[in-house]
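Asks: My questions concern the predicted model and sequence given below.
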Amino acid sequence: MDRRAFTEELRRLTELRSRSVSGGTNARVGGYLLARNRVPGWMTYVIQRGDAGPVKIGRTHDIRTRMASLGTASAEPLALLLLLSGDMEADLHRRFRAHRLEGEWFRPAAEIMTFVRG
């Protein structure tokens, strides 16, 4: 799946999420798992800077706005690799602490990329 198709499918799933406050489904887009919140709240994301750059593990209430704000601060394009419902940021930071570069940024180690690709 190319980046344009992935972005369009992400937009569609984001719209579905915004219309529903109960129930939850997971979907795969471009080989990546996207989870829809059961209730409005936090989503945990993993993004990558460039094709082989560092990955950022963070949380947000609005992934589209967050991606836009991070994108303006990055000289390289950002790719959303994983979006999960709930706030799992601290757990993932602890799990991958050996690969931390700085703050929420991590080396794209095989352990992280295997987790992302499920």
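Replies: Sure thing, it's come through.
Asks: Give me the below-cutoff pLDDT ranges for the protein.
Replies: Within the chain, the set of residues satisfying pLDDT under 70 comprises 1-40.
Asks: quick one, helices of it?
Replies: 3-19, 63-72, 89-95, 110-117 (DSSP state H).
Asks: by contact count, what packs against the third one?
Replies: When you say that, I think you mean helix 89-95. strand 43-49, strand 55-60 (3 or more C-beta pairs under 8 Å, 6 or more residues apart in numbering; DSSP states H and E). The way it works is simple: take the backbone N, C-alpha and C, and place the C-beta from them, glycine included.
Asks: Could you give me the buried positions within that helix?
Replies: 89, 92 (16 or more other C-beta atoms under 10 Å).
Asks: Next: the second one.
Replies: Residues 63, 66-67, 70 are the ones in helix 63-72 that count as buried (16+ other C-beta under 10 Å).
Asks: would TSV of the residues you listed with distance to Ala79 be doable?
Replies: Converted to TSV, the buried residues of helix 63-72 look like this (distance: C-beta to C-beta, whole Å):
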residue	distance to Ala79
Ile63	13
Arg66	14
Met67	9
Leu70	11
